[in-house]
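Participant: A structural model of the following input is requested.
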Amino acid sequence: MVMHPQVEYADVVATNAIHAGIAASDALCLITLGGHSKADNHVDAVRYLRSAGGDHTALGRLPTMKTRAGYGVQSLTVVNATRCIEWAKKLVAAAETKVSPP
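Facilitator: Numbering: from 1, shown residues only. Below is the predicted model of the structure:
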């Protein structure tokens, strides 16, 4: 079976977006709080980001998709990969704003 390239690479696209979102969250926390969550528990990272004033909702959604993209039997859909990109963009934009305020 030949898959459409967008479907074939949806997991890769989502995984890269997820890593970008997590890195942006860490950067935002470092800039705002002077540290970031080092726990293996993603819930702790979400709480930490909330205390930094970041979009903890976007970060809270990414770990579920990370598990599905990396270990799921079925690949993510293009729609879900796109959602990961959107959530990551919010986190990256927030971190960029902290680094270079308007």
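
Participant: which helix of the chain spans the most residues?
Facilitator: Longest helix of the chain, by residue count under DSSP state H: helix 10-33.

Participant: in that one, what's buried?
Facilitator: By 16 or more other CB atoms under 10 Å, the buried positions in helix 10-33 come out as 10-11, 13-18, 20-22, 24-29, 32. Where C-beta positions appear, they are placed from N, C-alpha and C, glycine not excepted.

Participant: please apply the same query to stretch 92-102.
Facilitator: For stretch 92-102, by 16+ other CB under 10 Å, it's 92, 94-95, 98.

Participant: among those, which one sits closest to Leu62?
Facilitator: Of all the buried residues of stretch 92-102, Val92 has the smallest distance to Leu62: 12.1 Å, by CB to CB.

Participant: host element of the closest one?
Facilitator: helix 78-99 (DSSP states H and E).

Participant: any weak-confidence spans in the protein?
Facilitator: Within the chain, the stretches with pLDDT under 70 are 1-7, 102.

Participant: can you tell me how far Leu28 is from Lys89?
Facilitator: Noted for Leu28: a distance of 13 Å to Lys89, by CB to CB, to the nearest Å.

Participant: ok, and what's touching whichever strand or helix holds Ala58?
Facilitator: Taking DSSP H and E as the criterion, Ala58 maps to helix 56-71. The contact list for helix 56-71 (CB atoms under 8 Å, 6 or more residues apart in numbering) reads 10-11, 14-15, 18, 21-22, 25, 42, 45-47, 49-50, 75-76, 80-81, 83-84, 87-88, 90-91.
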